[in-house]
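Undergrad: Using only what follows, build the 3D model:
(chains A and B)
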2 protein chains.
Amino acid sequence: MTPNTNGCLIGVSLGPGDPELLTCRAFKLLQGNYHWTYPVRKPGGDSYALDIARRAGLKPPRAHTPLVFPMTSDPTRLAKAWLTAAQAVLEILYRGEDVAFLVEGDASTYATFGHLARSVAALDATIRIETVPGVASFSAAAARLGMPLADTDEAIAILPAGYGTAQAEQLLEHFDTLVLLKIKPMLEPFIAWLCSRNLLAHAHLVEKVGMPEERIVHDVAALQGETVHYLSLLLVRNPRRTRQQPVRGCRPQPAVAGAGG
Amino acid sequence: MTPNTNGCLIGVSLGPGDPELLTCRAFKLLQGNYHWTYPVRKPGGDSYALDIARRAGLKPPRAHTPLVFPMTSDPTRLAKAWLTAAQAVLEILYRGEDVAFLVEGDASTYATFGHLARSVAALDATIRIETVPGVASFSAAAARLGMPLADTDEAIAILPAGYGTAQAEQLLEHFDTLVLLKIKPMLEPFIAWLCSRNLLAHAHLVEKVGMPEERIVHDVAALQGETVHYLSLLLVRNPRRTRQQPVRGCRPQPAVAGAGG
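TA: All right, here's what the predicted structure looks like:
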(Lines give C-alpha, C1' and ligand atoms only; values in the text may rest on other atoms or scores of the structure.)
Protein backbone atom coordinates (compact mmCIF):
# COMPACT_ATOMS: atom_id res chain seq x y z
CA MET A 1 0.00 0.00 0.00
CA THR A 2 1.65 3.25 -1.04
CA PRO A 3 0.89 6.40 0.95
CA ASN A 4 -0.51 8.33 -1.98
CA THR A 5 -3.39 5.91 -2.54
CA ASN A 6 -4.56 6.38 1.06
CA GLY A 7 -7.38 8.73 1.93
CA CYS A 8 -6.85 11.78 4.10
CA LEU A 9 -8.39 12.52 7.48
CA ILE A 10 -10.03 15.86 8.02
CA GLY A 11 -11.41 17.17 11.30
CA VAL A 12 -14.42 19.29 10.43
CA SER A 13 -15.50 21.82 13.08
CA LEU A 14 -19.24 22.45 13.06
CA GLY A 15 -19.46 25.23 15.65
CA PRO A 16 -21.25 24.92 18.99
CA GLY A 17 -24.77 24.09 17.88
CA ASP A 18 -26.41 26.72 15.66
CA PRO A 19 -26.32 25.09 12.21
CA GLU A 20 -25.86 28.52 10.59
CA LEU A 21 -22.50 28.80 12.35
CA LEU A 22 -20.93 26.10 10.19
CA THR A 23 -18.22 27.70 8.09
CA CYS A 24 -18.70 27.78 4.34
CA ARG A 25 -15.73 25.42 4.09
CA ALA A 26 -17.28 22.84 6.44
CA PHE A 27 -20.60 23.08 4.66
CA LYS A 28 -19.10 22.56 1.19
CA LEU A 29 -16.76 19.85 2.37
CA LEU A 30 -19.58 17.79 3.87
CA GLN A 31 -21.41 17.90 0.55
CA GLY A 32 -18.38 16.29 -1.04
CA ASN A 33 -17.21 12.73 -1.29
CA TYR A 34 -16.18 11.93 2.29
CA HIS A 35 -16.77 9.00 4.56
CA TRP A 36 -18.32 10.62 7.66
CA THR A 37 -17.19 9.61 11.12
CA TYR A 38 -18.46 11.16 14.33
CA PRO A 39 -18.18 10.59 18.08
CA VAL A 40 -20.78 8.78 20.14
CA ARG A 41 -20.59 8.00 23.84
CA LYS A 42 -21.80 4.42 23.48
CA PRO A 43 -22.59 2.09 20.58
CA GLY A 44 -25.88 3.16 19.03
CA GLY A 45 -25.84 6.44 20.96
CA ASP A 46 -26.69 9.88 19.59
CA SER A 47 -24.02 12.22 18.26
CA TYR A 48 -24.23 15.97 18.95
CA ALA A 49 -21.92 16.61 16.01
CA LEU A 50 -24.04 14.57 13.60
CA ASP A 51 -27.13 16.34 14.90
CA ILE A 52 -25.65 19.76 14.06
CA ALA A 53 -24.77 18.59 10.53
CA ARG A 54 -28.31 17.26 10.06
CA ARG A 55 -29.87 20.49 11.33
CA ALA A 56 -27.66 22.33 8.82
CA GLY A 57 -29.52 20.41 6.13
CA LEU A 58 -26.62 18.08 5.35
CA LYS A 59 -27.44 14.49 4.62
CA PRO A 60 -25.08 11.82 5.96
CA PRO A 61 -23.61 9.83 3.06
CA ARG A 62 -24.27 6.12 2.83
CA ALA A 63 -20.71 5.61 4.08
CA HIS A 64 -20.66 6.83 7.68
CA THR A 65 -19.25 5.29 10.82
CA PRO A 66 -19.84 6.26 14.45
CA LEU A 67 -16.75 6.07 16.66
CA VAL A 68 -17.18 5.31 20.35
CA PHE A 69 -15.51 7.65 22.82
CA PRO A 70 -16.81 6.59 26.23
CA MET A 71 -17.61 9.15 28.94
CA THR A 72 -14.86 8.13 31.29
CA SER A 73 -11.69 9.52 32.82
CA ASP A 74 -10.09 6.08 33.14
CA PRO A 75 -6.87 6.47 31.11
CA THR A 76 -6.75 2.78 30.14
CA ARG A 77 -10.31 2.75 28.79
CA LEU A 78 -9.67 6.04 27.02
CA ALA A 79 -6.44 4.89 25.39
CA LYS A 80 -8.20 1.74 24.22
CA ALA A 81 -11.12 3.73 22.78
CA TRP A 82 -8.78 6.10 20.91
CA LEU A 83 -6.80 3.16 19.50
CA THR A 84 -9.95 1.34 18.38
CA ALA A 85 -11.29 4.50 16.74
CA ALA A 86 -7.96 5.19 15.04
CA GLN A 87 -7.83 1.64 13.69
CA ALA A 88 -11.37 1.94 12.32
CA VAL A 89 -10.44 5.22 10.61
CA LEU A 90 -7.23 3.76 9.20
CA GLU A 91 -9.14 0.86 7.68
CA ILE A 92 -11.29 3.33 5.76
CA LEU A 93 -8.30 5.47 4.75
CA TYR A 94 -6.46 2.37 3.49
CA ARG A 95 -9.41 1.66 1.20
CA GLY A 96 -8.62 5.03 -0.37
CA GLU A 97 -11.64 6.82 1.07
CA ASP A 98 -11.26 10.32 2.53
CA VAL A 99 -12.58 10.56 6.07
CA ALA A 100 -14.34 13.58 7.59
CA PHE A 101 -14.51 13.50 11.39
CA LEU A 102 -17.37 15.71 12.58
CA VAL A 103 -16.52 17.89 15.57
CA GLU A 104 -18.83 20.01 17.66
CA GLY A 105 -17.39 23.46 18.37
CA ASP A 106 -13.80 24.05 17.29
CA ALA A 107 -11.65 20.99 16.55
CA SER A 108 -8.61 22.41 18.40
CA THR A 109 -10.45 23.38 21.56
CA TYR A 110 -11.29 20.60 24.04
CA ALA A 111 -12.32 18.31 21.22
CA THR A 112 -11.99 14.60 20.55
CA PHE A 113 -10.31 15.21 17.23
CA GLY A 114 -6.89 15.89 18.76
CA HIS A 115 -6.84 12.48 20.39
CA LEU A 116 -8.04 10.76 17.23
CA ALA A 117 -5.56 12.59 15.00
CA ARG A 118 -2.61 11.78 17.27
CA SER A 119 -3.65 8.12 17.51
CA VAL A 120 -3.93 7.84 13.72
CA ALA A 121 -0.57 9.57 13.23
CA ALA A 122 1.03 7.24 15.78
CA LEU A 123 -0.19 4.21 13.82
CA ASP A 124 0.73 5.60 10.40
CA ALA A 125 2.80 8.77 10.12
CA THR A 126 2.21 8.98 6.35
CA ILE A 127 -1.50 9.79 6.66
CA ARG A 128 -2.39 13.35 5.66
CA ILE A 129 -4.39 15.05 8.41
CA GLU A 130 -6.11 18.44 8.20
CA THR A 131 -8.28 20.55 10.46
CA VAL A 132 -11.08 22.93 9.52
CA PRO A 133 -11.40 25.40 12.41
CA GLY A 134 -14.78 26.51 13.71
CA VAL A 135 -16.60 28.88 16.01
CA ALA A 136 -15.83 28.06 19.65
CA SER A 137 -18.63 27.83 22.21
CA PHE A 138 -17.25 30.79 24.16
CA SER A 139 -17.29 33.06 21.09
CA ALA A 140 -20.90 32.08 20.42
CA ALA A 141 -21.80 32.61 24.09
CA ALA A 142 -20.23 36.09 24.15
CA ALA A 143 -22.09 37.00 20.96
CA ARG A 144 -25.42 35.86 22.43
CA LEU A 145 -24.68 37.86 25.60
CA GLY A 146 -23.69 40.92 23.57
CA MET A 147 -20.52 41.29 25.60
CA PRO A 148 -16.85 41.14 24.70
CA LEU A 149 -14.60 38.26 25.60
CA ALA A 150 -11.79 40.79 25.36
CA ASP A 151 -11.43 44.45 24.51
CA THR A 152 -8.13 46.13 23.69
CA ASP A 153 -5.34 45.24 26.15
CA GLU A 154 -7.46 42.61 27.89
CA ALA A 155 -6.61 39.01 28.78
CA ILE A 156 -8.81 35.89 28.63
CA ALA A 157 -8.49 32.67 30.62
CA ILE A 158 -10.34 29.55 29.46
CA LEU A 159 -10.36 26.54 31.75
CA PRO A 160 -12.51 23.71 33.08
CA ALA A 161 -14.43 24.82 36.15
CA GLY A 162 -13.22 21.64 37.87
CA TYR A 163 -10.04 23.40 38.94
CA GLY A 164 -12.15 25.15 41.50
CA THR A 165 -12.78 28.60 42.90
CA ALA A 166 -9.33 28.96 44.49
CA GLN A 167 -7.78 28.72 41.03
CA ALA A 168 -10.30 31.24 39.65
CA GLU A 169 -9.43 33.54 42.56
CA GLN A 170 -5.75 33.41 41.63
CA LEU A 171 -6.49 34.18 37.99
CA LEU A 172 -8.60 37.27 38.75
CA GLU A 173 -5.41 39.23 39.26
CA HIS A 174 -4.31 38.61 35.68
CA PHE A 175 -7.48 38.28 33.60
CA ASP A 176 -10.40 40.44 32.47
CA THR A 177 -12.51 37.46 31.41
CA LEU A 178 -12.74 33.97 32.86
CA VAL A 179 -14.47 31.33 30.76
CA LEU A 180 -15.32 28.41 33.05
CA LEU A 181 -16.26 25.34 31.04
CA LYS A 182 -18.18 22.29 32.27
CA ILE A 183 -19.58 24.30 35.17
CA LYS A 184 -22.30 21.76 36.01
CA PRO A 185 -20.78 20.00 39.06
CA MET A 186 -19.15 23.24 40.28
CA LEU A 187 -22.09 25.62 40.06
CA GLU A 188 -22.81 25.89 43.80
CA PRO A 189 -19.25 26.75 44.91
CA PHE A 190 -18.90 29.20 42.02
CA ILE A 191 -22.15 30.99 42.93
CA ALA A 192 -20.84 31.36 46.49
CA TRP A 193 -17.49 32.61 45.20
CA LEU A 194 -19.06 35.12 42.78
CA CYS A 195 -21.20 36.40 45.62
CA SER A 196 -18.23 36.77 47.99
CA ARG A 197 -16.23 38.58 45.28
CA ASN A 198 -19.16 40.82 44.37
CA LEU A 199 -19.02 39.49 40.81
CA LEU A 200 -22.58 38.14 40.45
CA ALA A 201 -23.59 41.11 38.27
CA HIS A 202 -20.71 40.29 35.90
CA ALA A 203 -21.34 36.56 35.50
CA HIS A 204 -23.61 34.84 32.98
CA LEU A 205 -24.40 31.20 32.39
CA VAL A 206 -24.95 29.93 28.86
CA GLU A 207 -26.36 26.44 28.40
CA LYS A 208 -26.23 24.60 25.04
CA VAL A 209 -25.40 27.75 23.09
CA GLY A 210 -26.89 27.79 19.62
CA MET A 211 -28.99 24.66 20.16
CA PRO A 212 -32.77 24.80 20.05
CA GLU A 213 -32.80 24.40 23.86
CA GLU A 214 -30.26 27.19 24.45
CA ARG A 215 -30.69 28.97 27.78
CA ILE A 216 -29.05 32.19 28.94
CA VAL A 217 -29.10 33.01 32.65
CA HIS A 218 -28.01 36.46 33.81
CA ASP A 219 -29.11 36.00 37.41
CA VAL A 220 -26.75 33.15 38.13
CA ALA A 221 -27.60 33.14 41.86
CA ALA A 222 -31.14 32.09 40.95
CA LEU A 223 -29.70 28.76 39.75
CA GLN A 224 -28.92 27.72 43.32
CA GLY A 225 -30.16 24.18 43.88
CA GLU A 226 -30.77 23.66 40.17
CA THR A 227 -28.94 21.25 37.88
CA VAL A 228 -27.71 22.71 34.61
CA HIS A 229 -26.83 20.77 31.48
CA TYR A 230 -23.39 19.31 30.94
CA LEU A 231 -22.88 21.73 28.03
CA SER A 232 -22.91 24.89 30.15
CA LEU A 233 -20.29 27.54 30.60
CA LEU A 234 -19.94 30.46 32.96
CA LEU A 235 -18.60 33.71 31.55
CA VAL A 236 -17.22 36.06 34.20
CA ARG A 237 -16.07 39.59 33.44
CA ASN A 238 -13.70 41.06 35.98
CA PRO A 239 -14.20 44.83 36.20
CA ARG A 240 -11.58 45.23 38.89
CA ARG A 241 -8.51 43.65 37.33
CA THR A 242 -5.38 45.45 38.43
CA ARG A 243 -4.12 46.14 34.93
CA GLN A 244 -0.37 45.99 34.61
CA GLN A 245 1.10 48.54 32.27
CA PRO A 246 2.09 46.96 28.98
CA VAL A 247 5.82 47.05 28.39
CA ARG A 248 6.99 50.51 27.33
CA GLY A 249 7.09 50.98 23.57
CA CYS A 250 4.94 47.89 23.15
CA ARG A 251 1.62 49.16 24.29
CA PRO A 252 -0.91 46.95 22.53
CA GLN A 253 -2.58 48.99 19.87
CA PRO A 254 -6.27 49.78 20.14
CA ALA A 255 -8.62 47.41 18.35
CA VAL A 256 -8.77 48.72 14.81
CA ALA A 257 -9.14 47.35 11.34
CA GLY A 258 -7.12 44.18 11.32
CA ALA A 259 -7.01 43.62 15.06
CA GLY A 260 -9.95 41.22 15.22
CA GLY A 261 -9.49 38.05 17.27
CA MET B 1 -38.95 58.81 15.32
CA THR B 2 -40.29 55.61 16.91
CA PRO B 3 -37.82 52.87 17.81
CA ASN B 4 -39.44 50.21 15.63
CA THR B 5 -38.84 52.10 12.39
CA ASN B 6 -35.11 52.22 13.09
CA GLY B 7 -32.73 49.76 11.52
CA CYS B 8 -30.75 47.26 13.57
CA LEU B 9 -26.99 47.01 13.92
CA ILE B 10 -25.35 43.66 13.40
CA GLY B 11 -21.68 42.86 13.95
CA VAL B 12 -20.73 40.28 11.35
CA SER B 13 -17.63 38.21 12.11
CA LEU B 14 -15.76 37.15 8.99
CA GLY B 15 -13.08 34.93 10.52
CA PRO B 16 -9.36 35.69 10.42
CA GLY B 17 -8.73 35.85 6.69
CA ASP B 18 -9.56 32.66 4.79
CA PRO B 19 -12.78 33.59 2.98
CA GLU B 20 -14.02 29.99 3.30
CA LEU B 21 -14.07 30.46 7.08
CA LEU B 22 -17.01 32.83 6.94
CA THR B 23 -19.96 31.18 8.65
CA CYS B 24 -22.97 30.31 6.53
CA ARG B 25 -24.89 32.91 8.56
CA ALA B 26 -22.41 35.70 7.76
CA PHE B 27 -22.34 34.73 4.10
CA LYS B 28 -26.13 34.73 3.74
CA LEU B 29 -26.56 37.88 5.77
CA LEU B 30 -24.12 39.84 3.60
CA GLN B 31 -26.11 38.86 0.52
CA GLY B 32 -29.15 40.47 2.13
CA ASN B 33 -30.33 44.04 2.32
CA TYR B 34 -27.82 45.64 4.65
CA HIS B 35 -25.89 48.88 4.61
CA TRP B 36 -22.28 47.72 5.00
CA THR B 37 -19.93 49.52 7.36
CA TYR B 38 -16.34 48.49 8.01
CA PRO B 39 -13.30 49.83 9.84
CA VAL B 40 -10.46 51.69 8.13
CA ARG B 41 -7.43 53.22 9.82
CA LYS B 42 -7.61 56.48 7.92
CA PRO B 43 -10.01 58.08 5.44
CA GLY B 44 -9.65 56.34 2.09
CA GLY B 45 -7.61 53.51 3.65
CA ASP B 46 -7.99 49.79 2.99
CA SER B 47 -10.14 47.56 5.15
CA TYR B 48 -9.00 44.04 6.03
CA ALA B 49 -12.59 43.10 6.83
CA LEU B 50 -13.91 44.36 3.50
CA ASP B 51 -11.08 42.52 1.75
CA ILE B 52 -12.13 39.21 3.33
CA ALA B 53 -15.75 39.75 2.27
CA ARG B 54 -14.62 40.54 -1.28
CA ARG B 55 -12.39 37.46 -1.43
CA ALA B 56 -15.41 35.42 -0.28
CA GLY B 57 -17.09 36.54 -3.49
CA LEU B 58 -19.42 38.99 -1.79
CA LYS B 59 -20.08 42.27 -3.55
CA PRO B 60 -20.37 45.42 -1.43
CA PRO B 61 -23.82 46.96 -1.85
CA ARG B 62 -24.12 50.45 -3.25
CA ALA B 63 -24.82 51.60 0.32
CA HIS B 64 -21.58 51.13 2.21
CA THR B 65 -19.71 53.42 4.58
CA PRO B 66 -16.15 53.13 5.90
CA LEU B 67 -15.74 54.12 9.54
CA VAL B 68 -12.41 55.55 10.67
CA PHE B 69 -10.79 53.95 13.73
CA PRO B 70 -7.34 55.49 13.92
CA MET B 71 -4.31 53.44 14.97
CA THR B 72 -3.69 55.22 18.24
CA SER B 73 -3.70 54.53 21.94
CA ASP B 74 -4.60 58.14 22.81
CA PRO B 75 -7.87 57.72 24.76
CA THR B 76 -9.21 61.14 23.72
CA ARG B 77 -8.67 60.50 20.00
CA LEU B 78 -10.15 57.00 20.39
CA ALA B 79 -13.24 58.19 22.24
CA LYS B 80 -13.78 60.82 19.56
CA ALA B 81 -13.41 58.26 16.76
CA TRP B 82 -15.88 55.86 18.40
CA LEU B 83 -18.39 58.66 18.92
CA THR B 84 -18.06 59.87 15.31
CA ALA B 85 -18.47 56.29 14.02
CA ALA B 86 -21.48 55.70 16.28
CA GLN B 87 -23.13 58.90 15.08
CA ALA B 88 -22.57 57.92 11.45
CA VAL B 89 -24.12 54.50 12.12
CA LEU B 90 -27.06 56.02 13.98
CA GLU B 91 -27.80 58.32 11.05
CA ILE B 92 -28.14 55.27 8.80
CA LEU B 93 -30.21 53.37 11.38
CA TYR B 94 -32.55 56.36 11.78
CA ARG B 95 -33.21 56.24 8.03
CA GLY B 96 -34.56 52.74 8.67
CA GLU B 97 -31.65 50.91 7.05
CA ASP B 98 -30.16 47.84 8.74
CA VAL B 99 -26.42 48.15 9.25
CA ALA B 100 -23.92 45.29 9.00
CA PHE B 101 -20.53 46.10 10.56
CA LEU B 102 -17.86 43.84 9.05
CA VAL B 103 -15.43 42.41 11.58
CA GLU B 104 -12.26 40.47 10.93
CA GLY B 105 -11.92 37.43 13.22
CA ASP B 106 -14.52 37.08 15.95
CA ALA B 107 -16.55 40.16 16.87
CA SER B 108 -16.26 39.51 20.64
CA THR B 109 -12.51 38.96 20.66
CA TYR B 110 -10.27 42.06 20.51
CA ALA B 111 -12.50 43.61 17.89
CA THR B 112 -13.65 47.13 17.14
CA PHE B 113 -17.28 46.07 17.21
CA GLY B 114 -17.51 46.12 21.01
CA HIS B 115 -16.51 49.78 21.11
CA LEU B 116 -18.89 50.69 18.30
CA ALA B 117 -21.82 48.76 19.80
CA ARG B 118 -21.34 50.35 23.22
CA SER B 119 -21.05 53.82 21.71
CA VAL B 120 -24.24 53.33 19.69
CA ALA B 121 -26.09 51.95 22.74
CA ALA B 122 -24.90 54.92 24.83
CA LEU B 123 -26.38 57.34 22.28
CA ASP B 124 -29.64 55.42 21.81
CA ALA B 125 -30.50 52.53 24.10
CA THR B 126 -33.46 51.50 21.92
CA ILE B 127 -31.32 50.33 18.98
CA ARG B 128 -31.36 46.58 18.47
CA ILE B 129 -27.80 45.21 18.30
CA GLU B 130 -26.77 41.67 17.39
CA THR B 131 -23.52 39.79 16.95
CA VAL B 132 -22.71 36.95 14.56
CA PRO B 133 -19.76 35.08 16.09
CA GLY B 134 -16.88 33.85 13.97
CA VAL B 135 -13.72 31.79 13.89
CA ALA B 136 -11.02 33.40 16.06
CA SER B 137 -7.48 33.80 14.74
CA PHE B 138 -6.10 31.47 17.42
CA SER B 139 -8.48 28.65 16.43
CA ALA B 140 -7.44 29.03 12.80
CA ALA B 141 -3.77 29.15 13.79
CA ALA B 142 -4.05 25.96 15.87
CA ALA B 143 -5.81 24.22 12.97
CA ARG B 144 -3.07 25.24 10.53
CA LEU B 145 -0.44 24.01 13.00
CA GLY B 146 -2.31 20.73 13.55
CA MET B 147 -2.02 21.15 17.30
CA PRO B 148 -4.62 21.56 20.04
CA LEU B 149 -5.26 24.81 21.83
CA ALA B 150 -6.51 22.62 24.67
CA ASP B 151 -6.99 18.94 25.32
CA THR B 152 -9.09 17.53 28.14
CA ASP B 153 -8.40 19.21 31.51
CA GLU B 154 -6.19 21.87 29.94
CA ALA B 155 -6.25 25.64 30.38
CA ILE B 156 -5.68 28.39 27.79
CA ALA B 157 -4.50 31.98 28.34
CA ILE B 158 -4.97 34.54 25.58
CA LEU B 159 -3.34 37.93 26.00
CA PRO B 160 -1.48 40.68 24.18
CA ALA B 161 2.27 39.98 24.13
CA GLY B 162 2.78 43.56 25.33
CA TYR B 163 2.38 42.43 28.94
CA GLY B 164 5.84 40.99 28.60
CA THR B 165 7.75 37.83 29.39
CA ALA B 166 7.50 38.22 33.17
CA GLN B 167 3.72 37.94 32.89
CA ALA B 168 4.03 34.92 30.59
CA GLU B 169 6.42 33.37 33.11
CA GLN B 170 3.82 33.75 35.87
CA LEU B 171 1.11 32.19 33.72
CA LEU B 172 3.15 29.09 32.84
CA GLU B 173 2.30 27.65 36.23
CA HIS B 174 -1.42 27.66 35.44
CA PHE B 175 -1.73 27.20 31.67
CA ASP B 176 -1.05 24.54 29.05
CA THR B 177 -1.31 26.98 26.16
CA LEU B 178 -0.36 30.63 25.92
CA VAL B 179 -1.65 32.59 22.94
CA LEU B 180 0.40 35.78 22.66
CA LEU B 181 -1.24 38.25 20.31
CA LYS B 182 0.39 41.23 18.59
CA ILE B 183 3.81 39.68 19.10
CA LYS B 184 5.56 42.00 16.62
CA PRO B 185 7.26 44.49 18.97
CA MET B 186 7.92 41.78 21.58
CA LEU B 187 9.43 39.07 19.41
CA GLU B 188 13.05 39.47 20.54
CA PRO B 189 12.40 39.27 24.30
CA PHE B 190 10.01 36.35 23.79
CA ILE B 191 12.57 34.41 21.73
CA ALA B 192 15.08 34.91 24.57
CA TRP B 193 12.50 33.85 27.13
CA LEU B 194 11.44 30.74 25.17
CA CYS B 195 15.09 29.79 24.87
CA SER B 196 15.74 30.27 28.59
CA ARG B 197 12.67 28.20 29.45
CA ASN B 198 13.54 25.50 26.93
CA LEU B 199 10.23 26.09 25.17
CA LEU B 200 11.46 26.92 21.66
CA ALA B 201 10.40 23.48 20.38
CA HIS B 202 6.89 24.15 21.62
CA ALA B 203 6.40 27.62 20.16
CA HIS B 204 5.09 28.53 16.72
CA LEU B 205 4.52 31.86 15.04
CA VAL B 206 1.58 32.33 12.70
CA GLU B 207 1.45 35.47 10.57
CA LYS B 208 -1.74 36.61 8.78
CA VAL B 209 -3.47 33.25 9.25
CA GLY B 210 -5.76 32.35 6.39
CA MET B 211 -4.66 35.23 4.18
CA PRO B 212 -2.91 34.65 0.87
CA GLU B 213 0.36 35.81 2.50
CA GLU B 214 -0.01 33.49 5.52
CA ARG B 215 3.28 32.36 7.04
CA ILE B 216 3.89 29.66 9.62
CA VAL B 217 7.23 29.59 11.42
CA HIS B 218 8.12 26.59 13.59
CA ASP B 219 11.72 27.62 14.17
CA VAL B 220 10.88 30.82 15.98
CA ALA B 221 14.53 31.47 16.94
CA ALA B 222 15.32 31.88 13.24
CA LEU B 223 13.21 35.06 13.28
CA GLN B 224 15.80 36.87 15.39
CA GLY B 225 16.46 40.27 13.86
CA GLU B 226 13.47 39.97 11.53
CA THR B 227 10.32 42.10 11.61
CA VAL B 228 7.07 40.17 11.49
CA HIS B 229 3.70 41.53 10.42
CA TYR B 230 1.40 43.26 12.88
CA LEU B 231 -1.10 40.39 12.49
CA SER B 232 1.13 37.72 14.05
CA LEU B 233 0.56 35.55 17.06
CA LEU B 234 2.79 33.22 19.02
CA LEU B 235 1.30 29.94 20.19
CA VAL B 236 3.20 28.34 23.06
CA ARG B 237 2.42 24.90 24.40
CA ASN B 238 3.65 24.24 27.91
CA PRO B 239 4.53 20.57 28.31
CA ARG B 240 5.65 21.00 31.90
CA ARG B 241 2.65 22.58 33.55
CA THR B 242 2.32 21.41 37.13
CA ARG B 243 -1.23 20.23 36.76
CA GLN B 244 -3.36 20.77 39.82
CA GLN B 245 -5.78 17.99 40.53
CA PRO B 246 -9.30 18.99 39.56
CA VAL B 247 -11.57 19.23 42.57
CA ARG B 248 -12.61 15.79 43.82
CA GLY B 249 -15.85 14.53 42.31
CA CYS B 250 -15.60 17.18 39.61
CA ARG B 251 -12.86 15.80 37.48
CA PRO B 252 -13.47 17.28 34.05
CA GLN B 253 -14.70 14.58 31.79
CA PRO B 254 -12.60 13.52 28.83
CA ALA B 255 -13.35 15.25 25.59
CA VAL B 256 -16.18 13.25 24.05
CA ALA B 257 -19.16 13.89 21.86
CA GLY B 258 -20.54 17.16 23.05
CA ALA B 259 -17.40 18.42 24.76
CA GLY B 260 -16.13 20.45 21.79
CA GLY B 261 -14.93 24.01 22.46
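Undergrad: C-alpha only now, for contacts and for neighbours.
TA: Noted.
Undergrad: ok, what's across the strand from A:Tyr38?
TA: As for beta bridges, A:Tyr38 partners with A:Pro66 under DSSP bridges.
Undergrad: From what I see, it and A:Asp51 are in contact.
TA: No - assessed by Cα atoms under 8 Å, A:Tyr38 is found out of contact with A:Asp51, at 10.1 Å.
Undergrad: So the two - more neighbours on which side?
TA: Shown here are A:Tyr38 and A:Asp51; by other Cα atoms under 10 Å in any protein chain shown, A:Tyr38 has more neighbours (25 against 15).
Undergrad: Looks like A:Cys24 contacts B:Thr23 (just checking).
TA: Yes - A:Cys24 is within contact range of B:Thr23, at 5.6 Å (criterion: Cα under 8 Å).
Undergrad: out of those two, which sits in the busier spot?
TA: Neighbours of A:Cys24 and B:Thr23, each counted by other Cα under 10 Å, are more numerous for B:Thr23; the result is 31 against 19.
Undergrad: Find the closest residue to chain B in the stretch 1-150 of chain A.
TA: Residue of the stretch 1-150 of chain A nearest chain B, by Cα to the nearest Cα: A:Thr23 (3.9 Å).
Undergrad: Contact partners for the nearest residue to A:Ala221 once chain neighbours are set aside?
TA: By the measure of Cα to Cα, 6 or more residues apart in numbering or on different chains, the closest residue to A:Ala221 outside its immediate chain neighbours is A:Ile191, 6.0 Å from it. Contact criterion Cα atoms under 8 Å, 6 or more residues apart in numbering or on different chains gives A:200, A:220-221, A:224 as the residues in contact with A:Ile191.
Undergrad: Give me the subset of those lying in helices.
TA: Counting by DSSP state H, these place none of their members in helices.
Undergrad: Next, count neighbours for A:Ala166.
TA: By other Cα under 10 Å, the residues close to A:Ala166 number 10.
Undergrad: Look at it and give its secondary structure.
TA: Here A:Ala166 is helix, with the state taken from DSSP: H, G, I helix; E, B strand; the rest coil.
Undergrad: where does it land on pLDDT?
TA: On the pLDDT scale, A:Ala166 is placed at 96.
Undergrad: A:Gly261 now?
TA: Among the per-residue scores, A:Gly261 holds a pLDDT of 44.
Undergrad: Now the residue nearest to A:Ala221. Its backbone dihedrals?
TA: Torsion angles at A:Ile191 (phi, psi; degrees, to the nearest 10) stand at phi -60, psi -40.
Undergrad: Which one of the contacts of A:Ile191 is nearest to A:Lys59?
TA: Out of those, the one with the shortest distance to A:Lys59 is A:Val220. That distance is 38.4 Å, counting by Cα to Cα.
Undergrad: so who does that closest one touch?
TA: The contact partners of A:Val220, taken as Cα under 8 Å, 6+ apart, are A:191, A:200, A:203-205.
Undergrad: got the buried residues for stretch A:45-60?
TA: By neighbour count with 16 or more other Cα atoms under 10 Å in any protein chain shown, stretch A:45-60 contains the buried residues A:47-50, A:52-53, A:56, A:58, A:60.
Undergrad: need the strands for chain A, in chain order.
TA: Assigned strands in chain A, in chain order: A:9-13, A:35-40, A:64-68, A:99-103, A:129-132, A:156-160, A:177-181, A:203-207, A:215-217, A:232-237 (criterion: DSSP state E).
Undergrad: Does anything pack onto the third one? Which helices or strands?
TA: Strand A:64-68 makes packing contacts with strand A:35-40, helix A:75-94 when contacts are defined by 3 or more Cα pairs under 8 Å, 6 or more residues apart in numbering or on different chains; DSSP states H and E.
Undergrad: looking at these, which is closest to A:Lys184?
TA: With Cα to Cα as the measure, strand A:35-40 is the member of the helices and strands packed on strand A:64-68 nearest A:Lys184 (20.6 Å).
Undergrad: Would you pull up how far that closest one lies from the middle of the chain?
TA: Its chain's C-alpha centre and that of strand A:35-40 lie 17 Å apart, by Cα atoms, centre = their mean, to the nearest Å.
Undergrad: Other residues contacting that strand?
TA: If you take Cα under 8 Å, 6+ apart as the criterion, strand A:35-40 is touched by A:46-47, A:49-50, A:60-61, A:63-70, A:92, A:97-103, A:112, B:256-257.
Undergrad: if you set the cut-off to 7 Å instead, what comes out?
TA: Taking Cα atoms under 7 Å, 6 or more residues apart in numbering or on different chains as the criterion, the residues outside strand A:35-40 that touch it are A:46-47, A:49-50, A:63-69, A:97-102, B:256-257.
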